[in-house]
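>>> what's the 3D shape of this:
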Amino acid sequence: MSKTNESQRTDIYSRITDRIIEDLACGVRPWMKPWNAANTDGRISRPLRHNGEPYSGMNVLLLWSEQMSRGFTASMWMTFKQALELGAAVRKGETGSTVVFASRFTKTQADGKGGEVDREIPFLKAYSVFNVEQIDGLPDTYYHRPDIVLDPVARIAQADLFFRNTGAVIRHGGNQAFYAPGPDVIQMPPFETFKDAASYYATLSHEATHWTAAESRVRRDLSRYAKDRSERAREELIAELGSCFLCADLGIAPELEPRPEHASYLQSWLKLLADDKRAIFQAAAHAQRAVTYLHALQALKSEDLRAA
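Next comes the predicted model:
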């Protein structure tokens with residue numbers, strides 16, 4: 001990769017991380033903005049591509065932030081070219097919002113011994129998308145997409161089924177929620193101690209993200225969690241982002257009020273992001289991997305039931 005490309009990639013990391021640091025320094029967790037916004041009613045969902053496919057990972061955070069700060073009520077986004085292909089056009093003077101695409105390419109290089117070796121080179125590319133509210137001439141369905149709204153009882157029943165389908169061992173008692181890697185158990189306070197059912201499942205979504213870290217699941221290393229403050233903050237950031245993604249998928253609000261220990265996490269997150277401009281990207285990727293794993297367990301459970 002050329003020095004110019006490497007510099008551009010570093011600039012993308014820095015620009016986006018600096019925006020998040022600015023919010024955290026004010027005590028605002030930017031990934032919580034959709035649920036904290038006073039003008040947002042109803043279900044919060046992931047941002048959507050032009051074809052209705054949800055965005056994932058870091059792009060969820062980026063577009064949630066853009067949607068809230070710019071006052072868009074629509075959750076669908078597309079590129080300038082995609083709008084043209086639909087017979088529409090971005091309005092003159094409108095500015096796009098940044099999303100990123102991360103991938104790898106294979107490059108053949110000399111191995112120093114007279115031979116050649118294929119190496120995978122990671123790359124990050126930024127490009128702009130526009131909210132449908134910035135675009136004229138789209139088919140009416142893009143502006144008036146029907147919201148799928150479950151009544152509260154059905155929504156909680158859906159969340160309950162989701163976590164049962166994971167097969168996680170969930171025990172109840174005490175006044176703390178945590179995941180214990182040794183016995184591989186999620187510990188939750190009694191259901192009735194939460195202010196409502198949604199709060200219970202929101203907390204469980206955080207712990208379920210921790211639960212995915214096991215060797216037999218997504219293999220995220222928790223060996224230094226108890227001893228290293230930085231590693232603990234990194235894992236808690238992954239769990240919090242995973243909870244936000246999952247709560248959006250399930251139609252419930254995440255833990256809006258931070259736990260008492262999160263005050264120290266906030267300072268640790270600020271240091272983590274200041275020291276490593278890639279940290280938020282890595283955390284979002286790990287969170288997405290965890291949530292994808294939890295969703296995959298739903299399909300496996302359905303297959304088991306059909307085979308029974």
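>>> residues making contact with the longest strand belonging to the chain?
Longest strand in the chain, counting residues (DSSP state E): strand 116-131. Residues outside strand 116-131 that contact it (CB atoms under 8 Å, 6 or more residues apart in numbering) are 1, 5, 9, 12-13, 63, 66-67, 70, 72, 74, 76-80, 83, 90, 94, 96-111, 281. Where you see a C-beta, it was placed from the backbone N, CA and C, and this is true even at glycine.
>>> so after it, what's the next helix or strand?
As assigned by DSSP states H and E, the chain's next helix or strand after strand 116-131 is strand 135-136.
>>> what's in contact with that next one?
Met78, Ala83, Ala88, Ala89, Val90, Arg91, Tyr142.
>>> Now, those that are in strands?
Met78, Ala89, Val90.
>>> quick one on the thing from earlier: are any of the contacts of strand 135-136 buried, and which?
Met78, Ala83, Ala88, Val90, Tyr142 (16 or more other CB atoms under 10 Å).
>>> Nearest residue to the second one in space, ignoring adjacent ones along the chain?
Spatially, and ignoring its direct neighbours in sequence, Ala83 is nearest to Ile135 (5.0 Å; CB to CB, 6 or more residues apart in numbering).
>>> That neighbour bridge partners, please.
Listed beta-bridge partners, Ile135: Val90 (assigned using DSSP bridges).
>>> any idea how far Ala287 is from it?
30 Å (CB to CB, to the nearest Å).
>>> Name the residue in those two with the higher neighbour count.
Ala287 (28 against 25; other CB atoms under 10 Å).
>>> I'd like to know how many residues surround Phe80.
Neighbour count of Phe80, defined by other CB under 10 Å: 16.
>>> Kindly report the same for Pro54.
The local packing of Pro54 (other CB under 10 Å) involves 15 other residues.
>>> which one is it nearest to, not counting chain neighbours?
In space, Pro54 is closest to Arg46, 4.0 Å off (CB to CB, 6+ apart).
>>> Would you mind splitting this structure into its domains for me?
3-41+44-143, 152-307 (automatic domain parsing).
>>> The shortest one - what's its average pLDDT?
Rounded to a whole number, the mean pLDDT of domain 3-41+44-143 is 86.
>>> And stretch 283-293, by the same measure?
97.
>>> And the strands in the stretch 151-300 of the chain?
For the stretch 151-300 of the chain, the strands defined by DSSP state E, counting those that start in this stretch cover 170-172, 178-180, 185-188.
>>> so can I have CSV of these showing mean neighbour count, distance to Ser264 and mean pLDDT?
Shown next, in CSV, are those (neighbours: other CB atoms under 10 Å; distance: least, CB to CB, whole Å; pLDDT from 0 to 100):
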stretch, mean neighbour count, distance to Ser264, mean pLDDT
strand 170-172, 13, 26, 98
strand 178-180, 17, 16, 97
strand 185-188, 19, 21, 98
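>>> Identify whichever of these lies nearest to Gln298.
strand 170-172 (16.2 Å; CB to CB).
>>> Looking at the domains of the chain, which one is packed in the most?
With neighbours taken as mean count of other CB atoms under 10 Å, the domains of the chain reach their highest mean count in domain 152-307, at a mean of 17.
>>> hang on, the earlier thing: could you dump the ones in strands among the contacts of strand 135-136 to JSON lines with distance to Thr212?
Shown next, in JSON lines, are those (distance: CB to CB, whole Å):
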{"residue": "Met78", "distance to Thr212": "31"}
{"residue": "Ala89", "distance to Thr212": "43"}
{"residue": "Val90", "distance to Thr212": "39"}
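>>> between those, which is nearest Pro183?
Nearest to Pro183, judged by CB to CB, of the ones in strands among the contacts of strand 135-136 is Met78 at 47.2 Å.
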